[in-house]
Structures are given as C-alpha cells and as structure tokens.
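Chemist: Model the following, please.
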Amino acid sequence: MTVSFHKFDGHFFPQTGDVTEIGEGAGTYCSVNVPLNDGIDDKSYEQMFQPVMREILGTYDPKAIVMQCGADSLAGDRLGGFNLSIAA
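Modeler: Okay, the predicted model is just below:
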C-alpha cells in the first residue's frame, strides 16, 4: 500500500501521481495519490490528510507505517510551491 500527498499539475517532475493512478497488476488499488495545488497551507493539508488516512487505515489495517517527507513541501522552498510549516 502506498499513499502519496504531493504536488501534481501534469508538468511537475516526475509527472506522475495523478489521482487515477491506482497501481497495476497485483498492486491494483494499492496506490492512493492525493495531488495538491501550489499554496496549500497547514490547515488545508490537515483537512485533506486526516480523512484520507482515516479511511485508508480503516480499510487496509496496516501493521507498520513508513513515512517519508520531502522538504520541498515547506513554505519558502522554491521547488515545491507549498506553504506548509513543521507544525503540521
């Protein structure tokens, strides 16, 4: 199971991660992509993150969670274009 909250506008590298990309073969329905727009802030992110993760945790009941966060999501990063802080 992979869940990805990320910038996606069809032009941002690697140009994958559309909401319609749900996995392939035996992994179909094991990939959830949550594309985000530039400018998203802490409050908006939490309002999206919490219900999505609640549903996924309830459906898949994972025994372990691995989290990887890119710094390009933080406010002021020229690459990401988001307005997130370390508080979220």
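Chemist: shouldn't S85 be in contact with A75?
Modeler: Yes: look at S85 against A75 with C-beta atoms under 8 Å: they come within range, at 6.1 Å. For the C-beta atoms, the positions are set from N, CA and C on the backbone; glycine is no exception.
Chemist: Are we agreed that V52 is in a helix?
Modeler: Yes: counting by DSSP: H, G, I helix; E, B strand; the rest coil, V52 is located in a helix.
Chemist: Can you classify the closest residue to it other than its chain neighbours by secondary structure?
Modeler: Of all residues not flanking V52 in the chain, V34 sits nearest, at 5.9 Å (C-beta to C-beta, 6 or more residues apart in numbering). Using three-state DSSP, the structure places V34 in strand.
Chemist: can you pull the contacts of V34?
Modeler: The neighbourhood of V34, defined by C-beta atoms under 8 Å, 6 or more residues apart in numbering, consists of V3, S4, F5, H6, V19, M48, F49, V52.
Chemist: cutoff 7 Å now
Modeler: Taking C-beta atoms under 7 Å, 6 or more residues apart in numbering, we find V34 in contact with S4, F5, M48, V52.
Chemist: Output stretch 79-88 in PDB with nothing but the alpha carbons.
Modeler: The C-alpha trace of stretch 79-88 is given here as PDB (Å, rounded to 0.1, in the frame of the first residue of the first chain):
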ATOM      1  CA  LEU A  79      10.700  23.900  -5.900                       C
ATOM      2  CA  GLY A  80       7.500  22.800  -4.200                       C
ATOM      3  CA  GLY A  81       5.400  25.900  -4.000                       C
ATOM      4  CA  PHE A  82       3.600  24.900  -0.900                       C
ATOM      5  CA  ASN A  83       3.100  26.900   2.400                       C
ATOM      6  CA  LEU A  84       3.500  24.100   4.900                       C
ATOM      7  CA  SER A  85       5.300  24.500   8.300                       C
ATOM      8  CA  ILE A  86       6.900  21.900  10.500                       C
ATOM      9  CA  ALA A  87       3.900  22.400  12.900                       C
ATOM     10  CA  ALA A  88       1.600  20.300  10.700                       C
END
